[in-house]
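A.B. asks: predicted coordinates and the sequence they were generated for:
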Amino acid sequence: MAITIEIDHRVRTRTTKSATKVAKATAATPVVPQAVKGRIRRIKWAVLIITLSVYYLAPFLRWDRGIGEPNQAILLDFERGRLYGFFIEIWPQELYYVTGLMILAAAILILVNALAGRLWCGFACPQTVWTDLFLLVERVIEGDRRDRLKKLGAPLTLRRVAEIGAKHACWLLISFATGGALVFYFTDAPTLVHALAHGEASVSALAWITIFAGTTYGLAGFARDQVCTFMCPWPRLQGAIWDPEALTVNYRDYRGEQRTSAKKAAELRSRGEQAGDCVACNLCVAVCPIGIDIREGPNFACINCGLCVDACDGVMTALQRPRGLIDYESWRNIERGRRGEAPVSRLIRPKTIALSVACVALAAGMALMFAVRTKGAISVQHDRSPLAVTLSDGSVRNAYTVKLLNKSATPHNFVLTAEGLAATMAIVGGKAGQPVTVAADSSESVRVTLTMTQPQNVDVRFVAKDVSDNEVLSALDRFVVQ
């Protein structure tokens, strides 16, 4: 069976119907989701609390790195050119570590999508988390969906103006707290808090806080479903990675159709006629933060948040019918249900196994790279003009610039030697065999010459041995005879 899945661009508005639910639509209103209770909603609240707690509190975690080093556990320090993450310290030259972590995160995201669709979007995406928080403020101040719909376009009163003012004041407070917390990751958080409290913060810090606050205020307060449907690239990628075996939010139409009211369904069943479990209450649409109708089939705009599952389960429980009319179910099982076949769980399949192996391999590779990571680095540059100098006695001399890099917070002494050839090494301005001191968090360039009495083209390995911890650094180059 061929399936065409599209994003319905009409999700930006929702049709308001009369109380009888049979009159034609009379107005188009913005998406105003209704509050819902249930197990999925409780999970979403828990994820919201955990993610916001991590976001706001992480900059204040401390990590002792020694005297003169920043003690903030997570810090992107532009002044020092460092990315700190607890015991990890990444230099600009080591951004391949960040690239590796981003590739690993992308692989995990694709694995999650193969297992449960847009689960990240529905539960942990920053847009979803802050939108939920803004909606909570809106409901507390203005009431639930029905109350808010009544107030749309209604004449302004003093009470209404006070509600709007209080709502936006809370939104702005959350937005500035969000912008400030993000800036905390780029500077010492307690210091910036003290500066903000005393009006001593820099113009740059205030500007970035305002920019981030404005972004949060605009996206979570006003854009909301448009971000998830039109601005985010993830829905567009669904066309390439959508998996019919993934546990996504789906409507069991073979059980729910034909839709009719609860009273009408009872009458049909009393006469022995077929009636669907869906009572056309439209609560699944009312609670959807995107404003789509999941009963119309798979939709890329669906963020897999599961709020419609809670709404439908509540209705089914009240009508004493089995839950799961809308549920996390694979599209293949929906097709099997239409044919009267039993559902089959295929979470473990070649695709998910391959993705899991890839994630484990990437994680193991990153862990191995960190395990063998050194505190220093060495690089060698051969003199180009001239490549070699022939001395009066027939011997040949090559000159090199050896650069030693010390990534640690303490000075280190390196003894430099050359291996792989019979040559005399000399250090310009120093003495061969004498340690070369490299200051903390810096580099040192050393001019080195190698002289061969019986010259030949041969590889040479420069070795720098750390006197303090016996760590060995090496770099390969070439001895050239003209």
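C.D. replies: Here it is on my side, so go on.
A.B. asks: all contacts plus neighbour counts: C-alpha atoms, from now on.
C.D. replies: OK.
A.B. asks: what about the strands in the stretch 151-300 of the chain?
C.D. replies: Along the stretch 151-300 of the chain, counting by DSSP state E, counting those that start in this stretch, strands occupy 248-251.
A.B. asks: Ala409: how many residues sit nearby?
C.D. replies: Ala409 has 16 neighbours, counted by other CA atoms under 10 Å.
A.B. asks: ok, now which ones touch it?
C.D. replies: Counting by CA atoms under 8 Å, 6 or more residues apart in numbering, Ala409 makes contact with Gly66, Gly68, Glu69, Ala440, Asp441.
A.B. asks: hmm, try it at 6 Å
C.D. replies: When contacts are counted by CA atoms under 6 Å, 6 or more residues apart in numbering, Ala409 is found next to Ala440, Asp441.
A.B. asks: and it, how far from Ala440?
C.D. replies: For Ala409, the distance to Ala440 (CA to CA, to the nearest Å) stands at 5 Å.
A.B. asks: ok, now Val463?
C.D. replies: Distance from Val463 to Ala440, by CA to CA: 20 Å.
A.B. asks: quick one: which of the two has more around it?
C.D. replies: Val463 (18 against 14).
A.B. asks: quick check: closest non-adjacent residue to that one.
C.D. replies: Leaving aside its sequence neighbours, Val463 sits nearest to Ser474 (CA to CA, 6 or more residues apart in numbering; 4.4 Å).
A.B. asks: over to Val36?
C.D. replies: Of all residues not flanking Val36 in the chain, Ala311 sits nearest, at 6.2 Å (CA to CA, 6+ apart).
A.B. asks: pLDDT score assigned to that neighbour?
C.D. replies: The model reports Ala311 with a pLDDT of 96.
A.B. asks: the lengthiest helix in the chain - contacts with which helices or strands?
C.D. replies: In the chain, with assignment by DSSP state H, the single longest helix is helix 158-184. Identification of packing neighbours for helix 158-184 by 3 or more CA pairs under 6 Å, 6 or more residues apart in numbering; DSSP states H and E yields helix 203-218.
A.B. asks: helices of the stretch 201-350 of the chain, residue ranges please.
C.D. replies: For the stretch 201-350 of the chain, helices defined by DSSP state H, counting those that start in this stretch occupy the ranges 203-218, 225-226, 234-241, 253-256, 262-270, 283-286, 307-318, 331-338, 350-371.
A.B. asks: and those as CSV, adding mean neighbour count and distance to Asp383?
C.D. replies: Converted to CSV, the helices of the stretch 201-350 of the chain look like this (neighbours: other CA atoms under 10 Å; distance: least, CA to CA, whole Å):
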stretch, mean neighbour count, distance to Asp383
helix 203-218, 17, 44
helix 225-226, 20, 59
helix 234-241, 14, 50
helix 253-256, 18, 75
helix 262-270, 14, 88
helix 283-286, 23, 72
helix 307-318, 21, 67
helix 331-338, 18, 65
helix 350-371, 14, 32
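A.B. asks: nearest to Pro190 among those would be which one?
C.D. replies: helix 203-218 (13.7 Å; CA to CA).
A.B. asks: in terms of residue numbering, what are the domains of the protein?
C.D. replies: Domain ranges of the chain: 35-241, 376-479, per automatic domain parsing.
A.B. asks: show the pLDDT at Gly394.
C.D. replies: 89.
A.B. asks: list the residues that contact it.
C.D. replies: Residues near Gly394 by CA under 6 Å, 6+ apart: none.
A.B. asks: go again with 10 Å.
C.D. replies: Listed by CA atoms under 10 Å, 6 or more residues apart in numbering, the contact partners of Gly394 are Met452, Thr453, Gln454, Pro455.
A.B. asks: pull out the buried residues from those residues.
C.D. replies: Among those, those scoring as buried are Met452, Pro455 (criterion: 16 or more other CA atoms under 10 Å).
A.B. asks: just put the contacts of Gly394 in CSV and tack on secondary structure.
C.D. replies: Formatted as CSV, the contacts of Gly394 follow (DSSP: H, G, I helix; E, B strand; the rest coil):
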residue, secondary structure
Met452, strand
Thr453, coil
Gln454, coil
Pro455, coil
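A.B. asks: which one of the contacts of Gly394 is nearest Arg139?
C.D. replies: Proximity of these to Arg139 was ranked by CA to CA; the top entry is Met452 with 82.9 Å.
A.B. asks: sorry, back to before: hey, least reliable of the helices of the stretch 201-350 of the chain by pLDDT?
C.D. replies: helix 234-241 (a mean of 77).
A.B. asks: gap between that helix and the chain center?
C.D. replies: Put simply, helix 234-241 sits 17 Å off its chain's centre (CA atoms, centre = their mean, to the nearest Å).
A.B. asks: counting contacts, what elements does it pack onto?
C.D. replies: helix 95-116 (3 or more CA pairs under 10 Å, 6 or more residues apart in numbering; DSSP states H and E).
A.B. asks: what's the following helix or strand past the helix it packs on packed up against?
C.D. replies: Downstream of helix 95-116, the next assigned helix or strand under DSSP states H and E is helix 119-123. On a contact count with 3+ CA pairs under 10 Å, 6+ apart, helix 119-123 meets helix 39-57, helix 95-116, helix 126-142.
A.B. asks: re the thing from before, now the residue nearest to Val36: how far from Glu79?
C.D. replies: From Ala311 to Glu79 the distance is 51 Å (CA to CA).
A.B. asks: same check on Val344?
C.D. replies: To Glu79, Val344 is 56 Å away according to CA to CA.
A.B. asks: now swap in Pro33 and tell me
C.D. replies: According to CA to CA, Pro33 stands 45 Å off from Glu79.
A.B. asks: same question, Ala124
C.D. replies: Taking CA to CA, one finds Ala124 at 31 Å from Glu79.
A.B. asks: settle it for me: which of the two has more neighbours?
C.D. replies: Per other CA under 10 Å, whichever of Ala124 and Glu79 has more neighbours is Ala124, with 18 against 8.
A.B. asks: can you verify my assumption that that one contacts Thr51?
C.D. replies: Yes. Assessed by CA atoms under 10 Å, Ala124 is found in contact with Thr51 at 7.3 Å.
A.B. asks: now do the shared contacts for the two.
C.D. replies: Residues touching both Ala124 and Thr51 (CA under 10 Å, 6+ apart): none.
A.B. asks: ok, back up a step: I'd like the domains of the chain written out as JSON lines, with distance to Gly272 added.
C.D. replies: Listed next are those as JSON lines, based on distance: least, CA to CA, whole Å:
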{"stretch": "domain 35-241", "distance to Gly272": "33"}
{"stretch": "domain 376-479", "distance to Gly272": "80"}
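A.B. asks: cool, thanks, talk later.
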